[in-house]
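Participant: Dropping a prediction and its sequence here:
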Amino acid sequence: MSASHPIPSRAVRRTTAAVLQPAALFSWHGRFASLDALTGQTGTLTRPSVTTSTDTTQGSWTAGYGYPRWYVYPSWNLSADPIVTGLIAQNEDVAWPMDFVPQSLTVLMEGINANGVTPVTGGGVLHIGNDAATGNALSITGTATTYALTLTTGAGSVTSTLAAAVGNVRWRLVAQMEDNGTTQRIRLGISIDEAAFVFAAWTSTLTRAATFPSGSKVRINRVGNAGTYGQSWFRRLSIYPGLLTLDEATARL
Amino acid sequence: MSVYVDDRLLTETVRDVLTVDGALAPAVEVRTTQPLANAAGVYGTGVTVAPRTITVGLDVWPTTLPDRVTALDTLRRRIGGLRLFRMTDAPTRELYVTLADVRVDFYHISIPRCYVELQFTAVNPAKQDREPRLYGLSQSRASLPVGTWPSAPTVTLNGASPSVVNPIIIVRNAQGDETHRLTLTGTLTTNDVLVINCASQSIQRYVAGVLQTGTASGNAWLTSGVFPILDPSDAIDGNGITMGLTATSGTPTGLVLYKRAWA
């Protein structure tokens, strides 16, 4: 065996601390117990009250005014994680600033219906758009029996719908937006309680949105800053460039 | 057996992981002065501890010579910089690593297959739980299990009505003896929250969600004592350490949040 040249290391000295390098436009995981995304965006929780949550022993603990309600479920995937930590959001939402433009992308969300029954009709799960929920946007909302992914551009809106998780069950949602430079279309996929993942059909196309409105945010549990709360427990939210499968998205930070 | 880098199996990129050295052994030396991370993968000032070096040997088997360049480029993109590293035999524990060196050995210059040796450095040599542990705090003692390496928790104290005056955090070992006490001076009213980071040894104070600064900051509340750490030498087989709250008046409540750490 003959040794050849090593791949040279970076020759530039950093002046700031190194950070993780998730291959994502945006990535937030509840297990890091921080509102800040791994991709650097600072999260803002809005909940002007003191309330309770559940700890590792499944006992109750009190979350102070505006403090995130980290909530521990005894298991998400029994074969891998003995306990899982996420953020429960009922009458509260979390928003992060966003800097990316509309493009072919994949959104992966993992969560549980926090009200223990069904998705809240009209309740927001995810919103990528401005506070007023006007203009170009990508959003996921619930009804009692479905989740709906909606893309809004200047040319109108299209919606991809799938049967929802009903009851206090775990869901993985994958939202894809395909952008060919002229038009955009979307589709929603879901896996419930580790069951087989299914995609809905692609929607019809819309003339592409080139930008999101000024001041747009990535927000969970609400559409805009005045919408109906979706009431979910969130384990992760990641947005990747390109069209990824559930397995591909899950295997990235 | 394989290796995850940022939750992605290396065997997605290369044909096989042949060797992993240093991830499990040699065990990390546990020093009498316990190191405390002040951020993920970063130690506080004035503390020295030997980093962990992990060497991973890979079998890269592209079909053509140009494919080899592509494969090495892809590998480099996926492992460069600060990454999370874990092994399939301990999938719930991870550590922060930085790629220190890559060596490519060719069997023959015209044969695409090659052996790639990666050397990672973990500045914080301890592996940590992927999922944090959360325990509600009150005047009763909460039991806090630990790994085989000290953990620095984050403690949150809540205001209440009637107010909590001069809260104190007390940690006891498995025998019930007090090992750490942090005494604070101030009054926590209903919408107040203190966030005590025992790794960075700092205290943030929030009033109705607004971070207080200057003389109103949480750091100004520090009166005496030490920031608690959860040290396995205070436990019996990882159990027995407790944390409880007390105060001059009022009923203190809060949360302790940490990840168990493993040598």
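Facilitator: Received it, and whenever you're ready, just let me know what you need.

Participant: Return the residues of the stretch 1-150 of chain B in contact with chain A.
Facilitator: Residues of the stretch 1-150 of chain B lying close to chain A by Cβ under 8 Å from any Cβ of the partner chain are B:6-9, B:12, B:39, B:41-42, B:72, B:76, B:78, B:80-84, B:91-92, B:96, B:98-109, B:115, B:130-137. Any C-beta I mention is one placed from the backbone N, CA and C, and that applies to glycine too.

Participant: pLDDT weak spots in the chain?
Facilitator: Went with chain A since none was named. Scanning chain A for pLDDT under 70 picks out A:1-18, A:76-82, A:114-118, A:165, A:167-168.

Participant: Can you look at chain B instead?
Facilitator: Judged by pLDDT under 70, the stretches of chain B that qualify are B:24-48.

Participant: Could you identify the longest strand within it?
Facilitator: The longest strand of chain B (DSSP state E) is strand B:93-106.

Participant: for the stretch 1-150 of chain B, what spans make up the strands?
Facilitator: Taking DSSP state E, counting those that start in this stretch as the test, the strands found in the stretch 1-150 of chain B are B:3-5, B:8-9, B:16-21, B:37-39, B:42-43, B:52-60, B:82-87, B:93-106, B:114-122, B:127-129, B:133-137, B:142-143.

Participant: oh, I was asking about the stretch 51-200 of chain A
Facilitator: A:51-54, A:60-63, A:70-73, A:84-89, A:93-97, A:105-113, A:123-129, A:137-142, A:146-153, A:156-163, A:170-179, A:183-192, A:198-199.

Participant: partners of the third one in the sheet?
Facilitator: Translated: strand A:70-73. The strands beside strand A:70-73 in its sheet (DSSP bridges) come out as strand A:84-89 (antiparallel).

Participant: quick one: the residue lying closest to residue A:19 once chain neighbours are set aside from residue B:5, how far?
Facilitator: Using Cβ to Cβ, 6 or more residues apart in numbering or on different chains and skipping the chain neighbours, the partner closest in space to residue A:19 is residue B:82 (6.2 Å). Using Cβ to Cβ, to the nearest Å, residue B:82 is found at 11 Å from residue B:5.

Participant: Between those two, which has more neighbouring residues?
Facilitator: The neighbour comparison of residue B:82 against residue B:5 (other Cβ atoms under 10 Å in any protein chain shown) goes to residue B:5, with 22 against 18.

Participant: isn't that one right up against residue B:80?
Facilitator: No - the criterion here is Cβ atoms under 8 Å, and residue B:5 misses it with residue B:80 at 10.1 Å.

Participant: What residues does the residue nearest the centre of chain B make contact with?
Facilitator: Centroid check for chain B by Cα atoms, centre = their mean gives residue B:128 as the closest residue, at 5.1 Å. Applying Cβ atoms under 8 Å, 6 or more residues apart in numbering or on different chains, we find residue B:128 in contact with B:93, B:94, B:95, B:259, B:260, B:261, B:262.

Participant: partner residues bridging it?
Facilitator: Here residue B:128, judged by DSSP bridges, has bridge partners residue B:94, residue B:261.

Participant: Next: the one 5 residues further on.
Facilitator: Taking DSSP bridges as the rule, residue B:133 bridges to residue B:258.

Participant: Roughly how far does it sit from residue B:243?
Facilitator: Counting by Cβ to Cβ, the separation of residue B:133 from residue B:243 is 12 Å.

Participant: Now the common contact residues for those two.
Facilitator: Common neighbours of residue B:133 and residue B:243 (Cβ under 8 Å, 6+ apart) are residue B:144.

Participant: and the residue nearest to residue A:19, how far is that from residue A:238?
Facilitator: Counting by Cβ to Cβ - residue B:82 and residue A:238 are separated by 18 Å.

Participant: Same question for residue B:241.
Facilitator: 35 Å.

Participant: got it, and residue A:95?
Facilitator: Here the criterion is Cβ to Cβ. By it, residue A:95 lies 16 Å from residue A:238.

Participant: now do residue B:199
Facilitator: From residue B:199 over to residue A:238 the distance is 26 Å, taken as Cβ to Cβ.

Participant: Compare those two (neighbour count), which wins?
Facilitator: Each of residue B:199 and residue A:238 has its neighbours counted (other Cβ under 10 Å); residue A:238 has more, 25 against 20.

Participant: Is that one in a helix, a strand, or coil?
Facilitator: At residue A:238 the chain is in strand, as set by DSSP: H, G, I helix; E, B strand; the rest coil.

Participant: pretty sure it is touching residue A:22, no?
Facilitator: Yes - here residue A:238 lies in contact with residue A:22, judged by Cβ under 8 Å, at a distance of 7.5 Å.

Participant: where do the contact lists of those two overlap?
Facilitator: A:252, A:253.

Participant: ok, which pair from the contacts of residue B:128 is furthest apart?
Facilitator: B:95 and B:260 (12.7 Å; Cβ to Cβ).

Participant: residue with max distance from the center of chain B?
Facilitator: residue B:110 (44.6 Å).

Participant: With adjacent residues omitted, what lies nearest to that residue?
Facilitator: Nearest to residue B:110 is residue B:65, by Cβ to Cβ, 6+ apart, at 7.3 Å.

Participant: ok, so what distance separates that neighbour from residue B:72?
Facilitator: 11 Å.

Participant: and those two? which has more neighbours close in?
Facilitator: Set side by side, residue B:65 and residue B:72 show more neighbours around residue B:72, with 19 against 11, by other Cβ under 10 Å.

Participant: Between the strands of the stretch 51-200 of chain A, which one is closest to residue B:235.
Facilitator: Of the strands of the stretch 51-200 of chain A, nearest to residue B:235 by Cβ to Cβ is strand A:70-73, at 21.1 Å.

Participant: which residues touch the closest one?
Facilitator: Strand A:70-73 is contacted from outside by A:30, A:33, A:53-56, A:58, A:63, A:83-88, A:112, A:233, B:132, B:134, B:255, B:257, using Cβ under 8 Å, 6+ apart.

Participant: ok, 7 Å please
Facilitator: Outside strand A:70-73, the residues that touch it by Cβ atoms under 7 Å, 6 or more residues apart in numbering or on different chains are A:33, A:53-56, A:83-88, A:112, A:233, B:134, B:257.

Participant: so how far is it from its chain's centroid?
Facilitator: Relative to its chain's centre, strand A:70-73 lies at 17 Å (Cα atoms, centre = their mean, to the nearest Å).

Participant: Burial check on residue B:224, number of neighbours?
Facilitator: Residue B:224 has 10 neighbouring residues, counting by other Cβ under 10 Å.

Participant: so it sits in a helix?
Facilitator: No - assignment of residue B:224 by three-state DSSP gives strand, placing it outside any helix.

Participant: Now it. Nearest residue, chain neighbours left out?
Facilitator: residue B:183 (4.8 Å).

Participant: Tell me how many other residues crowd that neighbour.
Facilitator: For residue B:183, using other Cβ under 10 Å, the count is 16.

Participant: what residues are up against it?
Facilitator: Neighbours of residue B:183 in contact, by Cβ under 7 Å, 6+ apart: B:168, B:223, B:224, B:225.

Participant: Among these, which one lies nearest to chain A?
Facilitator: Of all the contacts of residue B:183, chain A sits closest to residue B:168, with 17.8 Å by Cβ to the nearest Cβ.

Participant: just checking, that closest one touches residue B:244?
Facilitator: No - the criterion here is Cβ atoms under 7 Å, and residue B:168 misses it with residue B:244 at 9.1 Å.

Participant: List the residues that contact the closest residue to residue B:205 other than its chain neighbours.
Facilitator: Excluding the flanking residues, the one nearest residue B:205 by Cβ to Cβ, 6+ apart is residue B:218, at 3.5 Å. Applying Cβ under 7 Å, 6+ apart to residue B:218 gives the contacts B:194, B:203, B:204, B:205, B:212.

Participant: Give me every residue in the stretch 151-263 of chain B lying close to chain A.
Facilitator: Contact residues, the stretch 151-263 of chain B versus chain A (Cβ under 7 Å from any Cβ of the partner chain): B:156, B:158, B:159, B:190, B:191, B:193, B:206, B:208, B:209, B:253, B:255, B:257.
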